[in-house]
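# pasted the sequence and its predicted model underneath.
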Amino acid sequence: MADSNRIVLVDLDGTLLFTESSEGLAAKEVTGRRLKRSSIRKLDRQTKHKVYSLAQSKYADAATPNMMLKRRLSRIGKANIVILTARHSDTRSNTVAALKKHGIMYGRLLCRSGKAKELDDEEWKLRVLTKYAKAYSRVELYDDKIDNLEYMHDRIEMPNVSFMKVSRESITRFPGKGK
């Protein structure tokens, strides 16, 4: 049953969908080498954008869902789920198709557009999180990047916000006990 006072914000790439295969295939096409995510992040902005755009369109089918997180979200109610993605809004239709293919239910998909695409990932997410934290009594944010979680956790001082660290193996509260 949906809780109208609760909203769940979920990062897409690396959290809800594992996109390493898509990105590796796209990197091979763009650079001639199959690169890992850490190497792709080090590419110049224009090349990185080409790789991610290709991964999110031509190679989108190579992405796989995080089944543990998908099961957890299925118990929440789609109206209370907002998927956040640093993907530009021009990839929305491919993103929606990938979510549908994997049976992932959600209420809203937020892609970056306009000036928001110039912001760092964590700053954009912090702005979205702050907006929702002011409107809902309970907010949960799921992300795979420790840097993003630390950035937002250190800058938002609202007791109604919970942070969850997601990996292939687990979903844990962030920061852990004693922090």
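Here it is on my side, so go on. Numbers count the residues shown, from 1 in each chain.
# got the contact list for residue 135?
residue 7 (CB atoms under 8 Å, 6 or more residues apart in numbering). All C-beta atoms are positioned from the backbone trio N, CA, C, and that covers glycine.
# now do it, the pLDDT please.
Each residue has a pLDDT score; the one for residue 135 is 95.
# just residue 18 next, same as before
95.
# now the longest strand anywhere in the chain: mean pLDDT?
The longest strand of the chain (DSSP state E) is strand 81-88. With pLDDT averaged residue by residue, strand 81-88 scores 90.
# and the helices in the protein?
20-31, 37-41, 45-55, 67-74, 92-101, 121-135, 146-155 (DSSP state H).
# check those for me and report the most buried one.
With neighbours taken as mean count of other CB atoms under 10 Å, those reach their highest mean count in helix 20-31, at a mean of 20.
# sorry, back to before: give me the sheet partners of the longest strand of the chain and which way each runs.
Sheet pairing here is set by DSSP bridges, and for strand 81-88 it gives strand 6-11 (parallel), strand 108-112 (parallel).
# which ones are touching residue 137?
In this structure, residue 137 makes contact with 5, 6, 160, judged by CB under 8 Å, 6+ apart.
# show the model's pLDDT score for the first one.
At residue 5 the predicted local distance difference test score is 90.
# hang on, it packs against residue 160?
No - under the criterion of CB atoms under 8 Å, residue 5 makes no contact with residue 160, lying 9.2 Å away.
# hmm, residue 56 is touching residue 22, no?
Yes - counting by CB under 8 Å, residue 56 sits close enough to residue 22 to count as a contact (7.2 Å).
# low-confidence ranges in the chain?
Along the chain, the model assigns pLDDT under 70 to residues 1-3, 176-179.
# noted, bye for now.
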